[in-house]
Structure formats: structure tokens, C-alpha cells
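J.: Let me see the structure of the following:
(3 chains)
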Amino acid sequence: MNQQQFFDLDQGKNISYINDCSSTSGYSSANSPISMTQSPSHSPETFALQNEFANLNLPAMSNSPSPQLQQLRGSPYQQPLIVNQLLPSGNLCMEIDGGSNNILNGTTNFGNMYMPMDHFYATPQNVGYAANDGGVKQEYTAVLHIAEQPVEKFRFRYKSEMHGTHGSLNGINSKRTPKTFPEVILRNYNGPAVIRCSLFQTNLDSPHSHQLVVRKDERDVCDPHDLRVSQERGYVAQFINMGIIHTAKKFIFDELLKKKKDRLVFKMGRRELSTKQVQELHQETEREAKDMNLNQVRLCFEAFKIEDNQTWTPIAAPVYSNPINNRKSAQTGELRITRLSKPTGSVMGNDELILLVEKVSKKNIKVRFFEENDDGETVWEAYAKFRESDVHHQYAIVCQTPPYKDKDVEREVGVSIELIRPSDDERSFPPLPFRYKPRDAIVSRKRRRTCSTLTSSSSGSSSGSLNNSVELPKTVPQQGVANVSQHDQTISQEFGREFHLEQLINPESFRKILEQDSAELEKLCVTDIGVLETDGQQQSESADRTHGSRYNHNLTSTYLGEIFKIFDAARRAVDNKELYQSSCKKVENLFTDHAQKNVNNDTLLHEVISQRKDNLKLAIKTFQVIDYFKLRELAHTAQNADGDSCLHIACQQDREHYIRPLLGLGCSPNQQNRTDNTPLHLAVKEDRNNCIKLFLDAPGAKLDLSLTNDDGLTPLHMAIRQNKYDVAKNLINYDRSSINVANKTDGNNALHMAVLEQNVELIVLILDAENRMDILMSRNSAGLTPLQLARAKANDRCVRLLEEVYPDKGECAMTWIPLNIKEEMDSSSAEDDEESNSEVPAQSIKTEEIDMEFKTEYADEDSTMDDSDVEKQLEQLLSSKPRFDKLVAQLNEPTADNANLPKWKEIADKSDLKEFSWLWSSSEGMLNYLQHKLGDKQYKQFALALQELGMLSASN
DNA sequence: CGGGAACTTCA
DNA sequence: TTGAAGTTCCC
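T.: A predicted model of the protein is given here:
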């Protein structure tokens, strides 16, 4: 190599680690031929070299080699050959000359005094080294104290990166200015001493294979690094300009062994180790190298005094810095969220959220949502839901938001999101803000409230303390209104007999309610209308204008009052057909007129069922009107600006008891709103289990469960995605055919989706339903069957579960059908099979066809298979039912040695099948399992075992 | 300096 | 074959 390897005292000992030296690892140069041949004087840098730790700013540090030093032999540890090249600096010379005073003329750096010095060799006499080692517990009076820890994170660089300068290992408190560095103080000691810094593993009191280097004139000088301290210098050692070189994998062992050897030699004060010691070191190193954490190191500080005879004696117990983590690694690097796909989500959770992140490990990452109060205490936390496969290439996470703790918040709630790495509890910083939005139900309720209460505040008549107990109708004097609301949930008193919400649900009793002419109900309405009348109401069109402008009355109550008046009048004049007809017309007009004028186009029916405080009487009275005038069409078509029918509103607002009445009045259960959601979609989304039941159980309501919303999902899909077993079960029970509907996003059907959720219960539920084959064979947009999807994305348990139910254990599903062939199959079967016209490609391919396909492909494979015959033989054995059964029987027989141990079990235990054997109760299970393992090691093992038992040729 | 990213190897 | 880890390159 080159002579540049020589250094003056400051680095003398380190010369052996020059990074361009030739050694196995490329870092060390234990046997560097160069060092042996060079003479100190050849080093052009010698003179100029300065102590790196001293920031290169110290004058007169380097001197020509001291002849005395040349006599010193041995490398710092055990490299006698290098000794001669170690160039003592002036300091060292002085030291060696016994001029201890001179030593103190060390360098000063920012007020900290320290002095670099060469590495000295332990002499054989130096036997007192072992501090906490070798069973010798030595008491030290001197104490090393870490005054400045190193930074927690630092990029370890490979040797190949060590060209220009990169950052150095700073102190934990380091800023741009001033910078700080790892620093130790020696206490309780008098006299000159040396403080050594070297790189250690974090789990073990053993050196690390990485190199702690100091940059010096194009060279990286490796650890250990020694600094001289003394009383005059305050016993402070500051280690400046260090870097960490990441030893390449292949050199880990060599480097570690070398370091360990060096340390041992140094400690023993001997030049050579016995072969036994070397052997032991080898083994130890092998063990350590195997699972050494390459992304975490720590600094080890030791203190020595140098005896007159040049031996080094430890004077304080070694101390270790905090761990230093490799900034570059996904295991220890910084966590950071770069971007969120959206800043908000529903309090209900389950919204898809994509996080772009810095490199993460999918097996070691969590997404935490949390909320803190003003004191910084966590008041709520939850974790987003995602699978390993949702972590995209270590840089993005597709997850589902967790539901917020309170699903009834009325305004947005700000929370935070952070990443957590469980292995070291590292968090991303800073946390990103995320806002939970109130559910639609609450929002629309609020909207309603604001529009229906706009008048109340101006009214000076809010005499009671009940002003907030009522939202409607405001036309009525406050007192009267309060009266209404107080009894909202039970109107039994008014009806003079028992009344339960169930009566609304039961069609017959509801009929009765509609037809009855309750005096109380009547009275209420009369009161209402009375007010309107005295206020001087007008006819339909002008009504709201008049009231709205003159009295600032609420639109809805105005219209309702008007309608009720007409209704009551019509009802009193029993046989007046003409009045009935005209009343009918008027009511209808009022109804549509109101909707046109109302905020968001909510109809009276919408309004009346969604009062913030449920107002049964009002609702029922309205229902009566609709019923009496036979305005089914009105109810049927009633949609607001969002496309919501009254049933949507009922589901959103959790007014389950209105569902049946509304259905009875003619509302369509399959109405889709602007976002294509049916009421049932909303019920599932909003978690309205009672609504769902009422819907499903409603007699005569023909629900279409195949309708998809604008996310492409049916209610069942939504339930599965949210892992709502009961809901899914109810939906499936209602209409089994709905399970085969593919969603319009990725073409997954219910089974695909359950597989993605890895939800075994759901999978079983779906598999238990009818038309199983269709589901099993249908392919999603990516062309995958549920089983294939499971193999790609789900856990073993799901895969096994599915494999069990596929008629051929999934072999046919394994077959990829090339597009062109698939098209042929589709077209050829299209003539007599209309079902194949499905949105999902190749959805209903017949099993036989797939089977054929598989066979064909397999035949091809066969010819290229160069594997031994045993596998083929076994495959033939398994392919025919009689032979399969025969083999099952044979394998169920006990072994010769042990009557309790069936043959199959023995084979399993001896092979790689062992870990699965708990799955099987007989050989049949194992054979089933093996059927699709053709080509696997397990398969081969099994085949060979059979051959050994003589079963292969026998059955063939 | 500090960092991104390309390239290579591993599992 | 593919995704991740490891290594190198270069702005």
C-alpha cells in the first residue's frame, strides 16, 4: 500500500487500523506489511499531523520520532511488528523520558484540556488489569463519569462511504453552535492518566465489530482511542471527530475476533495467546457475531495509569455510554410520517387512511391515534388497523382509522397520529394532526336543529327553563311546546292506554294508532292550529311567507300546523267527499311546497322523525295525515337534497321505531342516496344494529342486498370490513345470494374480503352459506380466488381453513388461467351458461374445466421436472381415490416399534411436517395437506419416507 | 455535511 | 420472483 500509514504519536497506536490497509475486512491491518516496512520518517504527514481530538489546532504537537520509542514493541495489543513504526509525538517522547510535566502541555480544546497520546503496550508484568473480570473484583477509588453522552442516533457509514467528510459523532446536547462531543471526566484520581474510548456492543461487555474511527489526513484511525488527562487539565477527556464505520457482514467475524484478541492480549499483558485461548476466542466470537446488533453500539470508556515500566494499569471501572443507533436502519432509524392521505375521518372509524412514512419495518410498526389534554396527559388512544401486507415497500401504510371514543361528538375533534416501533418504543415526531368528524347523523341533526330553531332566541317568552328541551314547533307558545316534549317517549297518558314504541313496529298496532282519534292528540293539534289561526294564517303558498316575515316563525311548524288544521277539518266532515279531495290536494301541495323551501329540501316527514328530541306525537300525527290522505307516493319519493329518504334519516338518527311505520307508509327500503348508500348501508355504517334487524325482519320489505354504494360496497361488504359478525350473519341469513356479489372496488366478494380481514369466524360463516362453489371460484379484479388471495395475504390458519373446503384442496384454484384461455372458456360456455356474464371475470368457471386446465399445466411441468421418481410416484398414489384410501389405511397402522404410534405420525415427526402434525388426527389429514405440496421439501421428504417403508412401489 | 437513492445480495 | 436488507454511489 503506501507509506501514508505512518503517524505521529497522536495516532501511532492506531496506525494498525488504517482503513486502506490490507486485511480481510479491509479495515484492520493486523499484519500490515506496510507498517512493517515503513519507517516513521517516511511519513510526510508526520510533522503536520495533529491531534484530531484537539481539533487540529494545536501548535507544536508533533515532533520527530523519539528513538526511545522505537524500542517499544508490540502493537497496542499484540502486533509487535508495528511497534517500530509507532511514532511518538513530542508529548509521548516527553512522557517516555519521564518528563511527566511535559505531558501536561497537551492540547486545549474549547477550554477542555485533554491530550491525545499513543497507545502503549501492556507488558507481561502488568497483571492487575482485570477489573470486573476473571473473577477478580477490584475496588477502584477513581471513577469515570460521562459528562456528555453521545447522540442517540447517528448514521453508520460503510467504508466505501468514508471519502469526504460526513458528520461526526456529537454529544447529545450538541447544536450547530456550539457543538459538543462525547466527554468523560475522571474523578477521585491524582496524577496523569489515560482515558480510552472504544466501541462496544450494547448487550454484551464485548467489543463491537464496527469501527470507531477518527479521521486523520485521509485515513480513518480505528478505536481504541486514548486521551491523556491530568489534574492540570481537569481530568476531562473529550472525544472529537469520531465516526462509526459499519463493518460489512462478511467481515463481522474477522473484525470482532481481532478486537477481542487485541483486548485479551492487552489485558494479559502478553504478546501471544495460547492456542487454547485462541480457540476459545474463536468460539466466543462465533457466538457473538451471529446475533450481534449491527445497528446499535455504545462507547466504552476506560481509565489507565501508565506505570514507570510502561505497563498500563486500570484505575477505574469502565463505563458505557447510552446506545447509539444507526440512523439508516429501519430497525433503529427515525420514524417519521411524511404525509397523510387525508386529515380527517369519521368518528365511526374504519376510514381508509394512507400514511407515507420513512422506511419502516412492516413487522415492527404501529399507527397510534391519541388525544391529550392541556396538561399533556393522554386521554384517549387507539391503534389503526392494518396488516403486514398493507405496509407498502416500507414506505407507506394503508390502514383503517380506529373509531373515536365518543361517537356522538357534535363537532370535529382534533387528535394526533404517530408511528410507534414496538421493539424500542420509538415514536415518530412530530405527531401529525388528525380530525375526527361527527357522523352524518349528528351533522344532519345539527343542521336540522339550526334551521328549525332559528326563531326561538328572539322570542322573549322563553319563560320556562325548558327552552332547550324543545325544537319544534316554535309556532306554539313555549309553554305549549314544552308540554309536547315532556311526554315525547311515552304518549300513553295522552292515549289513555298503554302505548309502547313496539306498537309502532308491529303493523297491526300501528294501524290502530294511525286510525285512532285520540282526544289528547287531537287537543294538541287543535292547540297548535289555534295559534296559527289566531296568527292569521293564509293559504298554502302564502303561508310561510306571511309567517316567515311577519312572525319569523319556523317553516316546518307553520306548514305542519296548516296541514294538521286541514286534516282535522277533513276528518270531522266525515262524508264530505269533495272536502276530502280538496284537502288531499292542499296537503300534498303544502308538503311539496315545504320541501322546496326548506333547508336541504328536507320534507315534513324528514323533519318530523328527526327532531333532536324525539317527538312521537308529532310524528304519528304526521303519519296519520299521510295515511289518511293516502299520500304513499309522497312518502315513497320523499328525498332531500342529499338524496336521503326518510329511512336514511331514521337509520342515521337511530330512530329505529320509525322504520316500520315509514315502510308501511310507502318509503322504499332500497332507495339510494347521493352516495348510493341505501338506508341499510347507513345502518351498517353507523352501527345501528336495531335498525338493521328491523329492516331485515320487516314483513313485505323486499331488500336488495346487492346494491353497492359509491365505495363499491354492499352492506355485507361493509359489515365484513368492519368485522361485524352479527351484522354479517343477519345479512347473509336474509339473502344468501348476496354473499357472491363482488364489490366494485377490487372485485372481491364477501369471502375475499373476510379473507383479507383474516377473520376466521366470518370465513366460516360465509362458507356455511349456500352456493359455495360460486364463491370459492369467483375471482377478484386481480384474478384471484379467495384461496389464492388467502395464500397471498392471510395467515396460515385462514389458508388451511380454505384449503379444507376447496373440492381438490385448492389445487384448481392454484392454477392461474392465462387471459386468452380464460376468454375462450368464457365464450365457449356463454351460449349455454348465462350466469357467466358477471362483472367479475371468470366468476363462474366450472370446476371441471379448471381441473382440466390444471392437469394440462401440470403435464407440462411434469416434463420439465427433473426431480426424483419418488415424488411422481407419490403424486400418482394420491391422485386416485382408491389408492389414496389404501395409503390412508396403511399409514394409520402402528409402527413396528410402537403400537401406539401410527406410521404417519412417525413420518411426520421425523420430517418437516412435524410442526403441522397437531393439525391431523389421522393420516388422511396429512395426505390432504401434502396433496398440494408437490415440489416442496416436505413432499419429497414424505415420498422418500414412504419409499423407505416400501409403500411406494407396492401400491404402484 | 447530510441525505437520497441506486445498485447488489440475501432469504 | 419478490421484498427486504445490505452496500455503494453521488448530489
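J.: Go ahead and list the helix or strand containing A:R339.
T.: strand A:337-340 (DSSP states H and E).
J.: Which neighbouring elements make contact with the next helix or strand after that strand?
T.: With elements assigned by DSSP H and E, the helix or strand that comes after strand A:337-340 is strand A:344-346. Judged by 3 or more C-beta pairs under 8 Å, 6 or more residues apart in numbering; DSSP states H and E, strand A:344-346 is in contact with strand A:432-437. Yep, even glycine has a C-beta here, placed from its N, CA and C like the rest.
J.: residues making contact with the strand it packs on?
T.: The contact list for strand A:432-437 (C-beta atoms under 8 Å, 6 or more residues apart in numbering) reads A:337, A:340, A:343-347, A:369, A:401, A:404, A:409, A:412-418, A:443.
J.: Which strands border it, and is each parallel or antiparallel?
T.: Strand pairing for strand A:432-437, determined by DSSP bridges: strand A:344-346 (parallel), strand A:413-421 (antiparallel).
J.: could I have that strand exported to CSV, CA atoms only?
T.: Extracted in CSV, the C-alpha atoms of strand A:432-437 (Å, rounded to 0.1, in the frame of the first residue of the first chain):
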residue,chain,number,x,y,z
LEU,A,432,-49.5,14.7,12.8
PRO,A,433,-52.9,16.2,13.5
PHE,A,434,-56.0,14.4,12.5
ARG,A,435,-59.6,15.5,12.9
TYR,A,436,-62.4,13.2,13.7
LYS,A,437,-65.6,14.4,12.1
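J.: Longest helix of chain A, counting residues only.
T.: helix A:577-597 (DSSP state H).
J.: Does anything pack onto that helix? Which helices or strands?
T.: The contact analysis (3+ C-beta pairs under 8 Å, 6+ apart) places helix A:577-597 against helix A:540-546, helix A:555-572, helix A:604-609, helix A:632-637.
J.: Tell me which of these sits most buried.
T.: Of all the helices and strands packed on helix A:577-597, helix A:604-609 has the most neighbours on average by mean count of other C-beta atoms under 10 Å, namely a mean of 27.
J.: can you tell me which residues contact the residue of chain A found nearest DNA strand B?
T.: For chain A, the residue closest to DNA strand B is A:G167, as judged by C-beta to the nearest atom of the strand, at 1.8 Å. Taking C-beta under 8 Å, 6+ apart as the criterion, A:G167 is in contact with A:F154, A:R155, A:G243.
J.: same thing but at 6 Å, please
T.: Residues near A:G167 by C-beta atoms under 6 Å, 6 or more residues apart in numbering: none.
J.: Shouldn't it be within a helix?
T.: No - looking at A:G167 with DSSP: H, G, I helix; E, B strand; the rest coil, it is coil, so not inside a helix.
J.: Phi first, then psi, for it.
T.: When read as degrees, to the nearest 10, the backbone of A:G167 gives phi -70, psi 160.
J.: Which positions in chain A make contact with DNA strand B?
T.: A:R155, A:E161, A:G164, A:T165, A:H166, A:G167, A:S168, A:R327, A:K328 (C-beta under 7 Å from any atom of the strand).
J.: show me which of these neighbour DNA strand C.
T.: A:E161, A:G164, A:K328.
J.: Can you tell me which of the residues you listed is nearest A:S389?
T.: A:K328 (24.8 Å; C-beta to C-beta).
J.: Excluding chain neighbours, give the residue nearest to that closest one in space.
T.: A:R155 (5.2 Å; C-beta to C-beta, 6 or more residues apart in numbering).
J.: Check which residues of the strand holding A:R339 are buried.
T.: By 16 or more other C-beta atoms under 10 Å, the buried positions in strand A:337-340 come out as A:I337, A:L340.
J.: contact partners of that strand?
T.: For strand A:337-340, contacts defined as C-beta under 6 Å, 6+ apart pick out A:L355, A:L356, A:V357, A:S428, A:L432.
J.: again, only this time at 10 Å
T.: Under the criterion C-beta atoms under 10 Å, 6 or more residues apart in numbering, residues A:353-358, A:360, A:367, A:395-397, A:417-419, A:428-434 lie in contact with strand A:337-340.
J.: My read is that A:N900 contacts A:P894, right?
T.: Yes - between A:N900 and A:P894 there is a contact under C-beta atoms under 10 Å: 6.7 Å.
J.: Can you give me the domain boundaries for chain A?
T.: What automatic domain parsing lists as the domains of chain A is A:3-326, A:337-438, A:441-671, A:865-955.
J.: Using JSON lines, please lay out the helices and strands packed on helix A:577-597 together with mean pLDDT and distance to A:N598.
T.: Below are those laid out as JSON lines (pLDDT from 0 to 100; distance: least, C-beta to C-beta, whole Å):
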{"stretch": "helix A:540-546", "mean pLDDT": "36", "distance to A:N598": "9"}
{"stretch": "helix A:555-572", "mean pLDDT": "87", "distance to A:N598": "6"}
{"stretch": "helix A:604-609", "mean pLDDT": "90", "distance to A:N598": "7"}
{"stretch": "helix A:632-637", "mean pLDDT": "88", "distance to A:N598": "14"}
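J.: quick one: which of those helices is nearest A:A317?
T.: That would be helix A:604-609 among these, by C-beta to C-beta, at 78.4 Å.
J.: Now the closest one - C-alpha only, CSV.
T.: Only the C-alpha atoms of helix A:604-609 are listed here, as CSV (Å, rounded to 0.1, in the frame of the first residue of the first chain):
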residue,chain,number,x,y,z
LEU,A,604,-92.0,17.4,6.6
LEU,A,605,-91.6,13.7,7.0
HIS,A,606,-87.9,14.0,7.3
GLU,A,607,-88.3,16.8,9.8
VAL,A,608,-90.8,15.1,11.9
ILE,A,609,-88.9,11.9,12.5
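J.: Let me see the mean pLDDT of the next helix or strand after that helix.
T.: Downstream of helix A:604-609, the first helix or strand assigned by DSSP H and E is helix A:616-628. Confidence for helix A:616-628, expressed as mean pLDDT, is 86.
J.: Could I get the CA-only coordinates of helix A:616-628 as PDB?
T.: Output in PDB follows, covering the C-alpha atoms of helix A:616-628 (Å, rounded to 0.1, in the frame of the first residue of the first chain):
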ATOM      1  CA  LEU A 616     -93.500  10.900  18.800                       C
ATOM      2  CA  LYS A 617     -96.800  12.700  18.800                       C
ATOM      3  CA  LEU A 618     -95.800  15.000  16.100                       C
ATOM      4  CA  ALA A 619     -94.500  12.100  14.000                       C
ATOM      5  CA  ILE A 620     -97.500  10.000  14.500                       C
ATOM      6  CA  LYS A 621     -99.900  12.800  13.700                       C
ATOM      7  CA  THR A 622     -98.000  13.400  10.500                       C
ATOM      8  CA  PHE A 623     -98.100   9.700   9.700                       C
ATOM      9  CA  GLN A 624    -101.800   9.900  10.200                       C
ATOM     10  CA  VAL A 625    -102.100  12.600   7.700                       C
ATOM     11  CA  ILE A 626    -100.100  10.800   5.100                       C
ATOM     12  CA  ASP A 627    -102.200   7.700   5.700                       C
ATOM     13  CA  TYR A 628    -105.500   9.400   5.800                       C
END
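J.: name the helices or strands packed onto the host helix or strand of A:A790?
T.: Using DSSP H and E, A:A790 maps to helix A:786-793. Where contact means 3 or more C-beta pairs under 10 Å, 6 or more residues apart in numbering; DSSP states H and E, helix A:786-793 is packed against helix A:750-757, helix A:760-768, helix A:772-777, helix A:796-805, helix A:811-814.
J.: before we move on, back to that, just want the angle from the longest helix of chain A to helix A:555-572.
T.: 170 degrees (axes from the mean of the first three to the mean of the last three C-alpha atoms, to 10 degrees).
J.: Any buried residues in stretch A:367-375, and which?
T.: Here stretch A:367-375 shows A:V367, A:R368, A:F369, A:F370, A:E371 as buried, counting by 16+ other C-beta under 10 Å.
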